[in-house]
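1. sequence unknown, structure follows:
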């Protein structure tokens with residue numbers, strides 16, 4: 001990875017240090033000046049950077065973060081207490097550790113799940129996991145809307161430090177019931 005000056009010559013002051021330990025397939029500069037690089041690597045400057053990394057123009061600000069596709073879950077149209085919507089979590093600069101299903105109390109903790117529902121987290125790739133609610137809430141009127149707090153534990157990510165993954169944990173999820 002290199003940077004070119006306006007005249008087309010290589011900027012020799014700008015350095016990637018040790019750089020990536022694999023091939024970089026794509027680079028994009030965001031509106032905020034951050035650079036995203038994706039490819040066949042798992043380290044950048046000897047720090048974990050699983051297939052995708054983000055840093056500023058000085059290449060010093062590598063950030064691990066999590067993006068949730070949504071955090072609000074609505075009761076199904078059948079109005080039976082079931083929640084059918086799924087949420088995808090995507091990690092950048094870290095990967096999920098467990099194979100398959102995450103284990104409550106080992107990989108995550110959860111509070112506030114309505115009676116009759118169970119929160120389930122399933123790894124769908126190295127960098128993605130899916131949240132779902134299984135079952136049907138026994139009380140499912142609007143007055144029973146719930147705030148669920150999902151907290152991943154260090155065992156859930158390869159780096160072993162969930163605190164180092166911005167936005168991953170704790171995460172507030174809301175369940176909205178119908179009054180029909």
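-> Structure's in. What do you need? Keep in mind that this is a model prediction, so the values were computed, not measured.
2. how about the helices in this protein?
-> In order along the chain, the chain carries no helices (DSSP state H).
3. those strands in it, which residues are they?
-> Taking DSSP state E as the test, the strands found in the chain are 23-29, 35-40, 43-44, 47-48, 52-55, 64-68, 72-74, 87-92, 108-111, 117-123, 128-135, 146-152, 165-166, 171-176.
4. Export these to TSV and append columns for mean neighbour count.
-> To be clear about C-beta, it is placed using only N, CA and C from the backbone, and glycine gets the same treatment. Rendered in TSV, the data for those read as follows (neighbours: other Cβ atoms under 10 Å):
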stretch	mean neighbour count
strand 23-29	11
strand 35-40	16
strand 43-44	20
strand 47-48	16
strand 52-55	20
strand 64-68	17
strand 72-74	16
strand 87-92	20
strand 108-111	17
strand 117-123	18
strand 128-135	18
strand 146-152	18
strand 165-166	16
strand 171-176	17
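5. These: lowest mean pLDDT?
-> Mean pLDDT is lowest for strand 47-48 among the strands of the chain, at a mean of 69.
6. what's the distance between the residue most central in space within the chain and residue 6?
-> By Cα atoms, centre = their mean, the chain has its centre lying nearest to residue 66, at 2.9 Å. Distance, residue 66 to residue 6, by Cβ to Cβ, to the nearest Å: 37 Å.
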